[in-house]
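Visitor: Only the shape, not the letters, is given here:
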(Lines give C-alpha, C1' and ligand atoms only; values in the text may rest on other atoms or scores of the structure.)
Protein backbone atom coordinates (compact mmCIF):
# COMPACT_ATOMS: atom_id res chain seq x y z
CA UNK A 1 0.00 0.00 0.00
CA UNK A 2 2.78 2.42 0.93
CA UNK A 3 4.52 1.81 -2.41
CA UNK A 4 1.26 2.62 -4.22
CA UNK A 5 0.84 5.84 -2.21
CA UNK A 6 4.42 6.93 -2.90
CA UNK A 7 3.94 6.22 -6.60
CA UNK A 8 0.75 8.30 -6.62
CA UNK A 9 2.52 11.18 -4.84
CA UNK A 10 5.38 11.00 -7.36
CA UNK A 11 2.99 11.03 -10.31
CA UNK A 12 1.04 13.96 -8.87
CA UNK A 13 4.25 15.89 -8.28
CA UNK A 14 5.51 15.17 -11.80
CA UNK A 15 2.18 16.28 -13.26
CA UNK A 16 2.27 19.51 -11.25
CA UNK A 17 5.82 20.21 -12.39
CA UNK A 18 4.85 19.57 -16.00
CA UNK A 19 1.91 21.94 -15.72
CA UNK A 20 4.07 24.61 -14.09
CA UNK A 21 6.68 24.23 -16.82
CA UNK A 22 4.05 24.42 -19.53
CA UNK A 23 2.51 27.50 -17.92
CA UNK A 24 5.91 29.18 -17.78
CA UNK A 25 6.55 28.37 -21.43
CA UNK A 26 3.16 29.79 -22.40
CA UNK A 27 3.85 32.97 -20.44
CA UNK A 28 7.03 33.51 -22.47
CA UNK A 29 5.60 32.38 -25.77
CA UNK A 30 5.33 34.74 -28.72
CA UNK A 31 1.69 35.23 -29.80
CA UNK A 32 1.04 33.35 -33.03
CA UNK A 33 -0.66 36.26 -34.79
CA UNK A 34 2.14 38.76 -34.29
CA UNK A 35 4.89 36.12 -34.34
CA UNK A 36 4.09 34.80 -37.79
CA UNK A 37 3.45 38.32 -39.07
CA UNK A 38 6.98 39.24 -37.98
CA UNK A 39 8.38 36.22 -39.84
CA UNK A 40 6.95 37.61 -43.09
CA UNK A 41 9.29 40.60 -42.71
CA UNK A 42 12.44 38.48 -42.47
CA UNK A 43 14.73 37.36 -45.32
CA UNK A 44 13.47 34.09 -46.76
CA UNK A 45 15.99 31.35 -45.97
CA UNK A 46 13.32 28.67 -46.29
CA UNK A 47 13.88 25.68 -48.53
CA UNK A 48 16.64 23.12 -49.04
CA UNK A 49 20.23 24.22 -49.59
CA UNK A 50 23.25 22.16 -50.59
CA UNK A 51 26.92 23.11 -50.04
CA UNK A 52 28.54 24.26 -53.27
CA UNK A 53 32.30 24.66 -52.93
CA UNK A 54 32.60 26.07 -56.46
CA UNK A 55 30.93 29.24 -55.15
CA UNK A 56 33.92 29.75 -52.86
CA UNK A 57 36.91 28.34 -54.69
CA UNK A 58 35.87 28.07 -58.34
CA UNK A 59 35.09 24.92 -60.26
CA UNK A 60 38.43 23.29 -59.39
CA UNK A 61 37.98 23.83 -55.68
CA UNK A 62 40.71 23.74 -53.06
CA UNK A 63 41.20 22.64 -49.48
CA UNK A 64 40.31 25.30 -46.89
CA UNK A 65 43.23 26.58 -44.80
CA UNK A 66 43.98 24.85 -41.51
CA UNK A 67 43.37 26.80 -38.30
CA UNK A 68 46.27 28.43 -36.47
CA UNK A 69 46.87 26.33 -33.36
CA UNK A 70 48.56 26.80 -30.01
CA UNK A 71 51.87 24.88 -29.69
CA UNK A 72 50.28 22.13 -27.60
CA UNK A 73 47.34 21.73 -29.98
CA UNK A 74 49.67 21.78 -33.00
CA UNK A 75 51.81 18.99 -31.52
CA UNK A 76 48.68 16.93 -30.92
CA UNK A 77 47.45 17.59 -34.47
CA UNK A 78 50.83 16.61 -35.96
CA UNK A 79 50.71 13.34 -34.03
CA UNK A 80 47.17 12.74 -35.33
CA UNK A 81 48.28 13.22 -38.93
CA UNK A 82 51.29 10.96 -38.48
CA UNK A 83 49.07 8.24 -37.06
CA UNK A 84 46.55 8.77 -39.85
CA UNK A 85 49.23 8.29 -42.48
CA UNK A 86 50.42 5.09 -40.83
CA UNK A 87 47.09 3.53 -39.85
CA UNK A 88 44.45 5.22 -42.00
CA UNK A 89 41.40 7.19 -40.97
CA UNK A 90 39.94 6.48 -37.52
CA UNK A 91 36.28 5.58 -38.04
CA UNK A 92 35.27 5.04 -34.42
CA UNK A 93 32.80 7.93 -34.38
CA UNK A 94 31.18 6.73 -37.60
CA UNK A 95 30.98 3.16 -36.29
CA UNK A 96 29.02 4.40 -33.29
CA UNK A 97 26.90 6.74 -35.42
CA UNK A 98 27.99 9.86 -33.52
CA UNK A 99 27.06 13.07 -35.34
CA UNK A 100 29.88 15.52 -36.12
CA UNK A 101 28.32 18.38 -34.14
CA UNK A 102 29.25 22.01 -34.53
CA UNK A 103 30.99 23.41 -36.47
CA UNK A 104 31.40 20.42 -38.80
CA UNK A 105 27.66 19.70 -39.15
CA UNK A 106 27.41 22.86 -41.27
CA UNK A 107 30.15 21.67 -43.63
CA UNK A 108 28.96 18.17 -44.41
CA UNK A 109 28.28 17.32 -48.09
CA UNK A 110 24.57 16.93 -47.40
CA UNK A 111 21.73 19.47 -47.67
CA UNK A 112 20.26 21.60 -44.91
CA UNK A 113 16.82 23.17 -44.52
CA UNK A 114 15.72 26.33 -42.66
CA UNK A 115 12.40 26.34 -40.80
CA UNK A 116 10.95 29.53 -39.27
CA UNK A 117 8.69 29.65 -36.23
CA UNK A 118 8.05 32.63 -33.93
CA UNK A 119 11.14 33.29 -31.85
CA UNK A 120 13.21 30.54 -33.45
CA UNK A 121 15.05 29.51 -36.59
CA UNK A 122 15.62 25.77 -36.91
CA UNK A 123 18.28 24.37 -39.21
CA UNK A 124 17.57 20.77 -40.10
CA UNK A 125 20.63 18.93 -41.43
CA UNK A 126 20.20 15.75 -43.42
CA UNK A 127 23.48 14.52 -41.91
CA UNK A 128 22.49 12.17 -39.07
CA UNK A 129 19.02 13.82 -39.10
CA UNK A 130 20.28 16.62 -36.86
CA UNK A 131 18.38 19.77 -35.83
CA UNK A 132 19.93 23.06 -34.68
CA UNK A 133 17.58 25.34 -32.75
CA UNK A 134 18.56 29.00 -32.89
CA UNK A 135 16.45 31.03 -30.46
CA UNK A 136 15.67 34.58 -31.63
CA UNK A 137 13.20 35.51 -28.87
CA UNK A 138 15.65 37.71 -26.96
CA UNK A 139 16.74 35.18 -24.35
CA UNK A 140 20.40 35.27 -23.23
CA UNK A 141 22.89 32.48 -23.64
CA UNK A 142 22.67 29.97 -20.78
CA UNK A 143 25.07 30.64 -17.92
CA UNK A 144 25.71 26.94 -17.34
CA UNK A 145 24.84 25.24 -20.64
CA UNK A 146 24.43 21.54 -21.14
CA UNK A 147 27.27 20.19 -23.29
CA UNK A 148 25.61 19.30 -26.59
CA UNK A 149 26.86 18.14 -29.97
CA UNK A 150 25.43 21.25 -31.63
CA UNK A 151 25.78 23.53 -28.61
CA UNK A 152 23.25 26.13 -27.41
CA UNK A 153 22.55 28.83 -30.00
CA UNK A 154 21.08 32.31 -29.62
CA UNK A 155 20.44 34.45 -32.70
CA UNK A 156 19.35 37.94 -33.66
CA UNK A 157 18.68 39.71 -36.94
CA UNK A 158 20.92 42.57 -38.04
CA UNK A 159 19.10 43.83 -41.09
CA UNK A 160 19.07 40.93 -43.53
CA UNK A 161 21.82 38.99 -41.70
CA UNK A 162 21.19 36.36 -39.03
CA UNK A 163 23.84 36.56 -36.30
CA UNK A 164 24.25 33.39 -34.23
CA UNK A 165 26.24 32.88 -31.03
CA UNK A 166 26.82 29.29 -29.87
CA UNK A 167 28.44 27.85 -26.73
CA UNK A 168 28.41 24.63 -24.70
CA UNK A 169 29.84 21.78 -26.79
CA UNK A 170 30.15 18.06 -26.15
CA UNK A 171 33.75 16.91 -25.55
CA UNK A 172 33.14 14.27 -28.22
CA UNK A 173 33.14 16.77 -31.13
CA UNK A 174 36.09 18.40 -32.87
CA UNK A 175 36.81 21.74 -34.53
CA UNK A 176 38.13 19.75 -37.48
CA UNK A 177 39.43 16.22 -37.93
CA UNK A 178 42.16 15.69 -35.35
CA UNK A 179 41.61 19.02 -33.58
CA UNK A 180 39.79 18.77 -30.26
CA UNK A 181 38.19 21.85 -28.75
CA UNK A 182 38.65 23.39 -25.32
CA UNK A 183 36.07 24.16 -22.65
CA UNK A 184 35.71 27.79 -23.80
CA UNK A 185 35.12 27.33 -27.50
CA UNK A 186 32.63 29.83 -28.91
CA UNK A 187 31.23 30.02 -32.42
CA UNK A 188 29.84 33.12 -34.11
CA UNK A 189 28.03 32.81 -37.43
CA UNK A 190 26.80 35.36 -39.98
CA UNK A 191 24.16 34.02 -42.39
CA UNK A 192 22.87 36.01 -45.33
CA UNK A 193 21.46 35.69 -48.83
CA UNK A 194 23.87 36.71 -51.56
CA UNK A 195 21.02 36.15 -54.00
CA UNK A 196 17.69 34.30 -53.85
CA UNK A 197 19.58 31.14 -54.87
CA UNK A 198 22.82 31.51 -52.87
CA UNK A 199 23.18 31.51 -49.08
CA UNK A 200 26.48 32.27 -47.37
CA UNK A 201 27.56 31.44 -43.82
CA UNK A 202 30.68 32.98 -42.29
CA UNK A 203 31.85 31.14 -39.19
CA UNK A 204 34.33 32.49 -36.64
CA UNK A 205 35.59 30.11 -33.96
CA UNK A 206 37.46 31.29 -30.88
CA UNK A 207 39.04 28.85 -28.44
CA UNK A 208 41.89 30.17 -26.24
CA UNK A 209 42.97 26.64 -25.27
CA UNK A 210 43.37 25.43 -28.85
CA UNK A 211 43.40 28.27 -31.38
CA UNK A 212 46.25 30.78 -31.58
CA UNK A 213 43.95 33.09 -33.54
CA UNK A 214 40.25 33.10 -34.42
CA UNK A 215 39.49 30.55 -37.13
CA UNK A 216 37.34 32.12 -39.83
CA UNK A 217 35.79 30.06 -42.62
CA UNK A 218 32.97 30.49 -45.06
CA UNK A 219 30.46 28.07 -46.54
CA UNK A 220 28.21 28.72 -49.52
CA UNK A 221 24.97 26.90 -50.29
CA UNK A 222 22.91 26.75 -53.45
CA UNK A 223 19.13 26.46 -53.21
CA UNK A 224 17.35 23.48 -54.76
CA UNK A 225 13.64 24.19 -54.99
CA UNK A 226 12.77 20.62 -55.99
CA UNK A 227 14.80 18.88 -53.26
CA UNK A 228 13.54 17.38 -50.02
CA UNK A 229 15.54 16.39 -46.95
CA UNK A 230 15.80 12.61 -46.86
CA UNK A 231 15.77 10.35 -43.84
CA UNK A 232 19.29 9.59 -42.57
CA UNK A 233 19.48 6.60 -40.22
CA UNK A 234 23.13 5.81 -39.63
CA UNK A 235 22.65 2.48 -37.87
CA UNK A 236 20.48 1.09 -40.67
CA UNK A 237 23.36 1.00 -43.16
CA UNK A 238 26.32 0.90 -40.80
CA UNK A 239 27.60 -2.49 -41.90
CA UNK A 240 29.95 -3.56 -44.64
CA UNK A 241 28.00 -5.42 -47.33
CA UNK A 242 30.35 -5.66 -50.28
CA UNK A 243 27.73 -7.20 -52.52
CA UNK A 244 25.10 -4.57 -51.68
CA UNK A 245 27.13 -1.44 -51.02
CA UNK A 246 26.99 0.08 -47.57
CA UNK A 247 28.90 2.23 -45.17
CA UNK A 248 32.24 0.56 -45.98
CA UNK A 249 33.04 0.20 -42.28
CA UNK A 250 34.29 -3.25 -41.32
CA UNK A 251 32.74 -3.95 -37.92
CA UNK A 252 34.14 -7.45 -37.69
CA UNK A 253 30.90 -9.24 -38.51
CA UNK A 254 30.65 -12.98 -38.43
CA UNK A 255 30.64 -14.19 -42.05
CA UNK A 256 27.98 -16.76 -41.17
CA UNK A 257 25.77 -14.07 -39.64
CA UNK A 258 26.37 -10.87 -41.66
CA UNK A 259 23.41 -9.13 -40.04
CA UNK A 260 24.23 -10.08 -36.47
CA UNK A 261 25.76 -7.95 -33.69
CA UNK A 262 28.59 -5.72 -34.84
CA UNK A 263 30.59 -6.18 -31.62
CA UNK A 264 30.96 -8.87 -29.01
CA UNK A 265 28.47 -8.55 -26.13
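Guide: It's in. This one's a predicted model, so the numbers in the text were calculated from it and none came from an experiment.
Visitor: what about residue 103, how many residues close to it?
Guide: Residue 103: 26 surrounding residues under other C-beta atoms under 10 Å. (Each C-beta comes from the backbone N, C-alpha and C, glycine too.)
Visitor: Give me the distance between it and residue 36.
Guide: 30 Å (C-beta to C-beta, to the nearest Å).
Visitor: and residue 36, what does it touch?
Guide: residue 118 (C-beta atoms under 8 Å, 6 or more residues apart in numbering).
Visitor: Please, where are all the strands along the stretch 1-150 of the chain?
Guide: Using DSSP state E, counting those that start in this stretch, the strands found in the stretch 1-150 of the chain span residues 47-51, 112-117, 120-125, 130-135.
Visitor: I'd like a version of those in CSV, one that adds mean pLDDT and distance to residue 210 as further columns.
Guide: What follows is these, written out as CSV (pLDDT from 0 to 100; distance: least, C-beta to C-beta, whole Å):
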stretch, mean pLDDT, distance to residue 210
strand 47-51, 95, 25
strand 112-117, 95, 26
strand 120-125, 96, 24
strand 130-135, 96, 22
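Visitor: can you list those strands in JSON lines and add mean neighbour count?
Guide: Converted to JSON lines, these look like this (neighbours: other C-beta atoms under 10 Å):
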{"stretch": "strand 47-51", "mean neighbour count": "19"}
{"stretch": "strand 112-117", "mean neighbour count": "18"}
{"stretch": "strand 120-125", "mean neighbour count": "18"}
{"stretch": "strand 130-135", "mean neighbour count": "18"}
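Visitor: Can you add distance to residue 228 and give the ones you listed back as JSON lines?
Guide: Formatted as JSON lines, those follow (distance: least, C-beta to C-beta, whole Å):
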{"stretch": "strand 47-51", "distance to residue 228": "7"}
{"stretch": "strand 112-117", "distance to residue 228": "9"}
{"stretch": "strand 120-125", "distance to residue 228": "11"}
{"stretch": "strand 130-135", "distance to residue 228": "16"}
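Visitor: Select, out of those, the one closest to residue 88.
Guide: strand 47-51 (25.2 Å; C-beta to C-beta).
Visitor: strand partners of the closest one, parallel vs antiparallel please.
Guide: strand 112-117 (antiparallel), strand 215-223 (antiparallel) (DSSP bridges).
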